[in-house]
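Peer 1: I need the structure of the sequence given here:
(chains A and B)
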Number of protein chains: 2
Amino acid sequence: MKEATIYDIARHLGISAATVSRALNGHPGINAQTAEKVNKAALALGYQSNKFASSLRKQKSNTLGVIVPRLNSYVMSSILSGMERVANESGYNLIISQSLELERKEIENARTMFNSRVDALLISLAFDTETFDHITPFIKKKIPVVFFDRVLDHPSCTSVVIDNFKDGYEGTKHLIEQGCKKILHVTGSLQRNVYKDRLRGFEAAMREYHLDFSDENVIFTSFDNDAPQNVMEKISEMTTPPDGIFFTNDACAAGTCILLKKAGYSIPGDIAIVGFNNDPISKVVEPNLTTIHYPGIEMGEIAVQTIISHLEGNLNVNQGSTVVLRSELVVRDSSRRI
Amino acid sequence: MKEATIYDIARHLGISAATVSRALNGHPGINAQTAEKVNKAALALGYQSNKFASSLRKQKSNTLGVIVPRLNSYVMSSILSGMERVANESGYNLIISQSLELERKEIENARTMFNSRVDALLISLAFDTETFDHITPFIKKKIPVVFFDRVLDHPSCTSVVIDNFKDGYEGTKHLIEQGCKKILHVTGSLQRNVYKDRLRGFEAAMREYHLDFSDENVIFTSFDNDAPQNVMEKISEMTTPPDGIFFTNDACAAGTCILLKKAGYSIPGDIAIVGFNNDPISKVVEPNLTTIHYPGIEMGEIAVQTIISHLEGNLNVNQGSTVVLRSELVVRDSSRRI
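Peer 2: Model (predicted):
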């Protein structure tokens, strides 16, 4: 089929090609009625604006690249939903890929984004990423990079995060105030700020209240489906069980809570539990989970607003600044003893 | 900064530009060691393949457009995860947008995808979409369209679905076999096949077992956060409460289950409950939900495999065929009475 051109639309409507072009590009000099007529005719004739040619001319793709560890996690899908809403309203497309928690795949995805000439990169790092080399080409080319959730400290990149240290501290302090003395912390890879900072907060609270703290208080997991079972096995090997557990993930907290109840422990009586994220699952498990509310949709919205402001020249994201969103402890029955 | 070219890479490595070009394009005549060397140098020099120019030449963007109702739902994020994995492995990018359940936004998103010259469109329809006009331009241009989950019957499009009628029938039959006689069906918009076909299955089972069936057996909801509360209000207005409820969404089933227990109903003794999707929440609520397992990741994988086979000339998706994936009833304690 021959490609429909703006001349075909002009002929069809009996107006000039210049008017058609202006109408299609949203020129303010064209009245709404004409614009509507032109857009309808364009659709009917199958006219396709030539975005490749236009991108080549403008050196702008109107596309933002997003790399996440996993598409199907509660926090990440909330963040992506917020990102998409703002990008869509601002006329940007999102190209989204997932590293599946592998540095190797994250590097490949970054290369694809770079070669796809995205206008900006938004990235949350995989569990095991050590290198920064896959980000360097963007920095060199002055393509703005924003890190979110799992970030790297870099003088040329903006980060959007929550205060993970504060949240780790407050969740732990809450358990201590409820009378817990032997508290476990169940968390992910310490290569990532989110887990490292929460553990630092945990440790700070334990030391402040003069509670025993050693490597034995910390259980590492990849938060896969077997995580609750693995946590149970670790607990069963202990000479005295814990009286409090702070998980950095609600799904793992809920799964372990169910197994603990089956094993005869009363929650929060024998073991008080705190989770993380305020995943809907936290309001379904019995008792409902005390957790940290994670503002995922807001994080996605702010990350994209920040990058679009930069692209439009209203803000400079290359200054290594950090945006910290409000997160907070939500107390429910899984930890409430007094 | 001046753009690095293949000539810069050639000079840097002391090899010919033709060899560099072949290596960057994965030509089989180049050995692995040279290819590795060229790719490393390309990265170090900040070389960016000119994808726009290349797309313009080939009239191929290597990009698939995906439109979903919402990014942050369990089924949709599972489907997207499966799609991304296959697309990524096959060298395609995914541009993803959400309609937020609005026809108006779905139409806008389709226009953006069309103008972005995606090689194919994958779409799951919003609650209220009535028109097909936004899909027509793709069909006219021979851009393949695959519907998934919420589909439209069209002679030129392939659909990937589960057997919603069968699932609606089996969930209901199961409740009847457990002794339920007054069964409610809580579902979404009948403009969408998924809900219409599940209701047809519900009705078929009710009629087969000679149980009363009228409009009063069906409660419609948009499955937002207030849905469980709304269902409870409808139940409280009934002269006799139901003894079984079949929800077409696990999150709503779990939320209502909690409210029913608070109101003094025993589950499944007074009211047996069946959900839909096999969302992780179904294994956390007490009692655990009987549900229909929805193969989300597999649906995403198959939808993208199908469309890539078409793009590579190995399969024709323009024949209006339907791929039906296996879904099945998973019986748990929320409905088990005997």
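
Peer 1: what about residue A:211, distance to chain B?
Peer 2: Between residue A:211 and chain B the distance is 30 Å, computed by CB to the nearest CB, to the nearest Å. The way it works is simple: take the backbone N, C-alpha and C, and place the C-beta from them, glycine included.

Peer 1: need the contact list for residue A:22.
Peer 2: Shown in contact with residue A:22 (CB atoms under 8 Å, 6 or more residues apart in numbering or on different chains): A:29, A:30.

Peer 1: and the next helix or strand past the helix or strand in which it is found?
Peer 2: Following DSSP states H and E, one finds residue A:22 within helix A:17-24. Next in sequence after helix A:17-24, counting helices and strands by DSSP H and E, comes helix A:32-44.

Peer 1: and that next one with helix A:17-24, angle?
Peer 2: With axes from the mean of the first three to the mean of the last three CA atoms, to 10 degrees defining the directions, helix A:32-44 sits at 90 degrees from helix A:17-24.

Peer 1: packing partners of helix A:32-44?
Peer 2: Under the contact definition 3 or more CB pairs under 8 Å, 6 or more residues apart in numbering or on different chains; DSSP states H and E, helix A:32-44 sits against helix A:6-13, helix A:17-24.

Peer 1: which of those helices has the lowest average pLDDT?
Peer 2: If these are sorted by mean pLDDT, helix A:17-24 sits at the bottom with a mean of 84.

Peer 1: in that helix, which residues are buried?
Peer 2: Counting neighbours by 16 or more other CB atoms under 10 Å in any protein chain shown, one finds that the buried residues in helix A:17-24 are A:19, A:20, A:21, A:22, A:23, A:24.

Peer 1: the first one touches residue A:30, doesn't it?
Peer 2: Yes - counting by CB atoms under 8 Å, residue A:30 is a contact partner of residue A:19 at 6.8 Å.

Peer 1: now do the shared contacts for the two.
Peer 2: Taking CB under 8 Å, 6+ apart as the contact rule, residue A:19 and residue A:30 both touch residue A:38.

Peer 1: thinking again about what came up before, got JSON lines for the buried residues of helix A:17-24, with distance to residue A:170 too?
Peer 2: Converted to JSON lines, the buried residues of helix A:17-24 look like this (distance: CB to CB, whole Å):
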{"residue": "A:19", "distance to residue A:170": "61"}
{"residue": "A:20", "distance to residue A:170": "60"}
{"residue": "A:21", "distance to residue A:170": "58"}
{"residue": "A:22", "distance to residue A:170": "56"}
{"residue": "A:23", "distance to residue A:170": "56"}
{"residue": "A:24", "distance to residue A:170": "54"}
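
Peer 1: and which of those residues is nearest to chain B?
Peer 2: For the buried residues of helix A:17-24, the residue nearest chain B by CB to the nearest CB is residue A:24; the value is 9.7 Å.

Peer 1: got a list of what the closest one touches?
Peer 2: Residues in contact with residue A:24 (CB under 8 Å, 6+ apart) are A:6, A:38, A:39, A:42, A:49.

Peer 1: recalculate using a threshold of 10 Å.
Peer 2: A:6, A:9, A:30, A:35, A:38, A:39, A:42, A:47, A:49, B:115 (CB atoms under 10 Å, 6 or more residues apart in numbering or on different chains).

Peer 1: chain A versus the last one, what's the distance?
Peer 2: This means residue B:115. 5 Å.

Peer 1: can I assume that residue is in contact with residue A:47?
Peer 2: Yes - under the criterion of CB atoms under 10 Å, residue B:115 makes contact with residue A:47 at 9.3 Å.

Peer 1: just to revisit the earlier point, rank the contacts of residue A:24 by pLDDT and give me only the lowest.
Peer 2: Taking pLDDT as the measure, the contacts of residue A:24 have their low point at residue A:49 (70).
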